[in-house]
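S.K.: Build the 3D model from these lines:
(one chain, ligands or ions: 2)
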Amino acid sequence: MKSYITNSKRETARLAERLAKKLKNHDIIFFKGGLGMGKTAFTQGLCRGLGIDRNVTSPTFAIVNEYSGSPLSLFHFDMYRIETEDQLYNIGFYDYMDYDGVLAIEWSENIIPFFSDANIVITFEKTGENQRKITIEGVDIY
Ligand SMILES: Nc1ncnc2c1ncn2[C@@H]1O[C@H](COP(=O)(O)OP(=O)(O)O)[C@@H](O)[C@H]1O
Ligand SMILES: [Mg+2]
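M.R.: Ligands and ions are numbered 1, 2, ... in the order given. You can find the predicted model right below:
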């Protein structure tokens with residue numbers, strides 16, 4: 001487990017870009033931390049690091065946004081509205097674990113009571129207006 005301080009959205013994305021180089025097929029990333037912490041900015045960096053040249057937006061209404069890449073695709077979830085295991089099942093979440101790629105899950109707090117199988121956990125804390133403390137568990141960047 002290691003923590004990093006970033007001082008801008010761009011620095012957060014760069015940190016994620018470095019992490020992306022370490023990702024493997026079927027990795028499951030839980031993001032923890034509330035609104036405006038930089039989870040979507042981080043996911044933008046993950047995409048770039050995976051060689052996926054797409055504009056990443058919050059999947060709040062769609063619940064999942066899919067960014068296809070080679071060799072790894074990124075499936076970006078927002079669990080803000082998920083409250084039960086049935087709902088998780090009904091959005092097809094369990095099917096995504098069979099696809100080639102990585103799952104990055106915002107509002108993972110909501111599903112942890114019934115699904116906790118992440119192998120990477122990234123926790124965001126606001127330490128200043130433009131500063132975030134980002135703690136990465138489950139993978140070493142260097
Ligand atoms: N160090 C930082 N890292 C990431 N975002 C930051 C940082 N400092 C300020 N911000 C701002 O915080 C907001 C983060 O938004 P977003 O990535 O959508 O957060 P979340 O997905 O966690 O709700 C953006 O408006 C961004 O400009
Ligand atoms: Mg977001």
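S.K.: Next up, the contacts around the residue of the chain found nearest ligand 1.
M.R.: Here the chain gets closest to ligand 1 at one residue, residue 38, 2.8 Å apart by C-beta to the nearest ligand atom. Bear in mind the C-beta positions are built from the backbone N, C-alpha and C, glycine included. Applying C-beta atoms under 8 Å, 6 or more residues apart in numbering to residue 38 gives the contacts 6, 9, 12, 124, 132, 134.
S.K.: And it, how close does it get to residue 13?
M.R.: Distance, residue 38 to residue 13, using C-beta to C-beta, to the nearest Å: 9 Å.
S.K.: Please apply the same query to residue 65.
M.R.: According to C-beta to C-beta, residue 65 and residue 13 sit 16 Å apart.
S.K.: Residue 41 too?
M.R.: Noted for residue 41: a distance of 5 Å to residue 13, by C-beta to C-beta.
S.K.: Great, nothing more from me.
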